[in-house]
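In: return a 3D structure for these sequence lines:
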Amino acid sequence: MSTIEKQLCDIVNELQCDFEQDNNDDITIFNHPDKEAIIDILTNLRKIVFLGYFRNRAIKVRTQRNSLSMLVEDVFFKLVKQIKIVLNAESEDDDVVTEKAMEITFSFINRMRKIKEYIDSDVQAAYDGDPAAYSIDEIIYSYPGLFATFVNRVAHELYLLGVPIIPRMMTEYAHSKTGIDIHPGASIGKNFFIDHGTGIVIGETTVIGDNVKIYQGVTLGALSTRGGQQLKNKKRHPTIEDNVTIYSGASILGGDTVIGKNVVIGGNVFITCSVPEGAKVSIRSQELKYDYGKDKTIKIKEYFDDDSWFYVI
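Out: Numbers count the residues shown, from 1 in each chain. This is a model prediction of the structure:
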């Protein structure tokens, strides 16, 4: 055995010792959800929701119905397999796990019409709310906010069905692609529009009503997570009621915080208490200073009135 082989062998032996000390039971190789399979499931679900937009050109089908049938069957069997894997930790009876996985998957597939209904409303909200949008096709193909919302709506239904791990894998995949972090536990109403989107964070127990519009950099978060696991299953994130607009950089925190209907939240505000219906919340325009040296400091007056925060990017 060469010196290099011996060194590598010693490293493997040391690592194996560590694994044996950390795990009482043998590690079952590949007995974990497959990230690529879950991404593939999302890809096919997207093809189902936007039928005709994201075709697999390698597969030739003669009718829309045949295409839909193939996609649904593919999603069903792949999802059953992945759900079965994540449920195996809870039961050693393979037949029981298989039956439960199939039951959950059928329940999820039956919710696809609801998911499509909500996503269709999101597409329309994006078109109606964005003067930079020139067509529905442009929104479906290119808007990161719509993609993040689509993934959340899929993951949220699996979350409600009690599926572990997979919903979070889905939303973190969307997070990695879009910069938009929506926990699968977050409940979102119809006609939801994320404009631009980068840097948005929406926590697990957030509840969002209908016709809500959110810009980039918004955080709907918890006041504190110092309690760690003791805070599990408690309402930690805000409630946003119908017809609310939240501009960029705003932070709205706390499980008792309710943003009432028809409220407009200006950019960069920090809110930790409820806002009554119909209010407009803003930060006054700050004084700007241009410093050209010790003796030449020019103060720029406030050119805007109190509604200067009301802007669209």
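
In: all helices for the stretch 51-200 of the chain, in order.
Out: Using DSSP state H, counting those that start in this stretch, the helices found in the stretch 51-200 of the chain span residues 64-87, 94-109, 112-129, 136-142, 144-160, 166-178.

In: what residues sit buried inside stretch 156-166?
Out: Of the residues in stretch 156-166, 156-159, 163, 165-166 count as buried by neighbour count, 16 or more other C-beta atoms under 10 Å. Where C-beta positions appear, they are placed from N, C-alpha and C, glycine not excepted.

In: related to what we said a few turns ago, looking at the helices of the stretch 51-200 of the chain, which is buried most?
Out: helix 144-160 (a mean of 23; mean count of other C-beta atoms under 10 Å).

In: L220 and S251: what is the separation?
Out: 8 Å (C-beta to C-beta, to the nearest Å).

In: looking at these two, which has the bigger crowd around it?
Out: L220 (28 against 18; other C-beta atoms under 10 Å).

In: any idea whether that one is helix, strand or coil?
Out: Recorded secondary structure, L220: strand (DSSP: H, G, I helix; E, B strand; the rest coil).

In: list the contacts of it.
Out: 186, 201-203, 206, 208, 237-238, 240, 252-253 (C-beta atoms under 8 Å, 6 or more residues apart in numbering).

In: of these, just the buried ones, PyMOL syntax please.
Out: Burial among the contacts of L220 is assessed by 16+ other C-beta under 10 Å; the matching PyMOL selection reads:
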select buried, resi 186+201+202+203+206+208+237+238+240+252+253
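
In: closest to L87 among the contacts of L220?
Out: A186 (23.4 Å; C-beta to C-beta).

In: now the one helix or strand L15 maps to: how far from the chain's centre is it?
Out: Using DSSP states H and E, L15 sits in helix 3-22. In this view, helix 3-22 has its centroid 40 Å away from the chain centroid, taken as C-alpha atoms, centre = their mean, to the nearest Å.

In: next helix or strand past that helix?
Out: Next along the chain after helix 3-22, taking DSSP H and E as the criterion, comes helix 35-49.

In: what bridges to the residue nearest to the spatial centre of the chain?
Out: With distances taken as C-alpha atoms, centre = their mean, I182 lies nearest the centre of the chain, 2.9 Å away. Taking DSSP bridges as the rule, I182 bridges to I202.

In: what sits against it?
Out: Contact analysis of I182 by C-beta under 8 Å, 6+ apart lists 148-149, 151-152, 171, 174-175, 188, 200, 202.

In: and what of P167?
Out: 155-156, 158-159, 184 are the contacts of P167 under C-beta under 8 Å, 6+ apart.

In: one more time with 6 Å
Out: Taking C-beta atoms under 6 Å, 6 or more residues apart in numbering, we find P167 in contact with 155, 158-159, 184.

In: name the nearest of those residues relative to I271.
Out: P184 (24.2 Å).

In: quick check on the closest one: phi, psi?
Out: phi -60, psi -20 (degrees, to the nearest 10).

In: per-residue pLDDT of it, please?
Out: We have a pLDDT of 98 for P184.

In: how about R62?
Out: pLDDT, read off for R62, is 66.

In: same check, this time on Q216
Out: So, for Q216, pLDDT stands at 97.

In: who are the neighbours in contact with it?
Out: 196-199, 248.

In: from T272, how far off is it?
Out: 21 Å.

In: among the contacts of L220, which are in strands?
Out: 201-202, 208, 240, 252-253 (DSSP state E).

In: which one of those is nearest T3?
Out: V201 (50.4 Å).

In: ok, and what's touching stretch 45-52?
Out: Residues outside stretch 45-52 that contact it (C-beta under 6 Å, 6+ apart) are 54, 71, 75, 116, 119, 140, 154.

In: so which pair among these is furthest apart in space?
Out: Checking the contacts of stretch 45-52 with C-beta to C-beta, the most distant pair is V75 and I140, at 19.1 Å.

In: show me what contacts the nearest residue to E277 once chain neighbours are set aside?
Out: In space, and not counting its chain neighbours, E277 is closest to G260: 3.5 Å by C-beta to C-beta, 6 or more residues apart in numbering. The contact partners of G260, by C-beta under 6 Å, 6+ apart, come to 241, 275-277.

In: per-residue confidence at G260?
Out: G260 is given a pLDDT of 97.

In: quickly note the distance from it to V244.
Out: Remark: distance between G260 and V244 (C-beta to C-beta) = 8 Å.

In: for H175, same thing?
Out: H175 is 23 Å from V244, by C-beta to C-beta.
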